[in-house]
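Enquirer: Provide a 3D model corresponding to the input given below.
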Amino acid sequence: MPKKVKKIVFWQKSFYKYAALFILPMLLGTLYYFTSIYDKTDKIVWLEKQTQRGERLEFFLSDGSKVSLNSESKLIYPQEFSSNLRQVKLEGEAFFEVKKNTKKAFIVHANNLDIKVLGTKFNVKSYSTEKYIETTLLSGKVSVALKDTENKIVRKAILLPNQQANYAKESMEVKLHQVDAEHFASWREGKLIIDEKPFAEVCRELERWFNVNIQLDKELHQKYFYTITITNEPLEEILLYLKRTTPSLIITYNNNEILINEKK
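Expert: Below is the predicted model:
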């Protein structure tokens, strides 16, 4: 009997040993296969479109959504969107015509704002040099969420057509305004509308639109406000308008730089 027991034990040990040698490679192979498939499907290739001053650009994303990129702006976006989400990052200004997909939300990250939609038309203005981020809705519905440094939502607003969410970077306040949305998206048709803006902001708009550098005396930054509509007028004509409106201005040209101050 002891001999038989020894033979049975020996057979069991051998069986487990060979079974382990056979099954382990299969498990490792299966694990590698599914891991490689996961990596291939989940790997995102990021692309970038950027415009210079005086330049505007239109292009389509992989889902068919159309993007109009204003001057001195940048959009970072994936070559192909993930299976459950469409995300892009904006620096500057862009107009989005989002292809509707109720199963896959479209999110624009602008500074610490997340603008979330399913399918709609809206404009986002988020320049680092500006004090505000503007989200203006033309059609559909969008959700604007403000996040803190820990990526937690601290404020949220829902926009309806012809509404604008105005986010003040310094105070972190979000205010809703009733607006003419087409007014804020008119730059797509080559029309720049400046409505009661301080002189400093007017100069920044002109810099981006005409690809020039404007040095404005600090005392003038908030002293005067202007309303201007620019279509095909040259910069010289716009500056003449400012001069006629405010005769005390002194405008000096120096190559590609324009100096503006005021008679003392």
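Enquirer: could you pull out the helices for the stretch 151-264 of the chain?
Expert: Assignment of helices within the stretch 151-264 of the chain using DSSP state H, counting those that start in this stretch yields the ranges 181-184, 199-210, 235-245.
Enquirer: out of the ones you listed, deepest packed?
Expert: Of all the helices of the stretch 151-264 of the chain, helix 199-210 carries the top mean neighbour count, a mean of 20, counting by mean count of other Cβ atoms under 10 Å. In short, each C-beta sits where N, CA and C put it, glycine included.
Enquirer: okay, angle between that helix and helix 235-245 too, please.
Expert: 160 degrees (axes from the mean of the first three to the mean of the last three Cα atoms, to 10 degrees).
Enquirer: just give me the residue right at the centre of the chain.
Expert: Most central in the chain under Cα atoms, centre = their mean is L90, positioned 2.0 Å from the mean C-alpha point.
Enquirer: residue ranges with poor pLDDT in the stretch 101-250 of the chain?
Expert: Within the stretch 101-250 of the chain, the set of residues satisfying pLDDT under 70 is empty.
Enquirer: now the helices for the stretch 1-150 of the chain?
Expert: Taking DSSP H, counting those that start in this stretch to define them, one finds helices in the stretch 1-150 of the chain at 2-42.
Enquirer: how near is A110 to K43?
Expert: In this structure, A110 lies at 25 Å from K43, with Cβ to Cβ, to the nearest Å as the measure.
Enquirer: more neighbours: which of the two?
Expert: It is A110, of A110 and K43, that has more neighbours when counted by other Cβ atoms under 10 Å, with 23 against 9.
Enquirer: give me the spatial nearest neighbour of the more buried one, chain neighbours excluded.
Expert: Taking Cβ to Cβ, 6 or more residues apart in numbering as the measure, A110 lies nearest to S126, with 3.8 Å between them; neighbours along the chain are not counted.
Enquirer: now L239
Expert: I251 (5.4 Å).
Enquirer: next up, the contacts around the one you found.
Expert: Taking Cβ atoms under 8 Å, 6 or more residues apart in numbering as the definition of contact, the neighbours of I251 are L239, L242, K243, I258, L259, I260.
Enquirer: nearest to L176 among the residues you listed?
Expert: Distance from L176 was checked for each of the contacts of I251 by Cβ to Cβ. The minimum falls on L242, at 31.8 Å.
Enquirer: quick one: contacts for the closest residue to that closest one other than its chain neighbours?
Expert: Taking Cβ to Cβ, 6+ apart, and ignoring the residues beside it in sequence, L242 has L249 as its nearest neighbour in space, at 6.2 Å. L249 is in contact with L242, K243, I260, N261, E262, counting by Cβ under 8 Å, 6+ apart.
Enquirer: beta-bridge partners for L249, please?
Expert: The partner list for L249 in beta bridges (DSSP bridges) reads E262.
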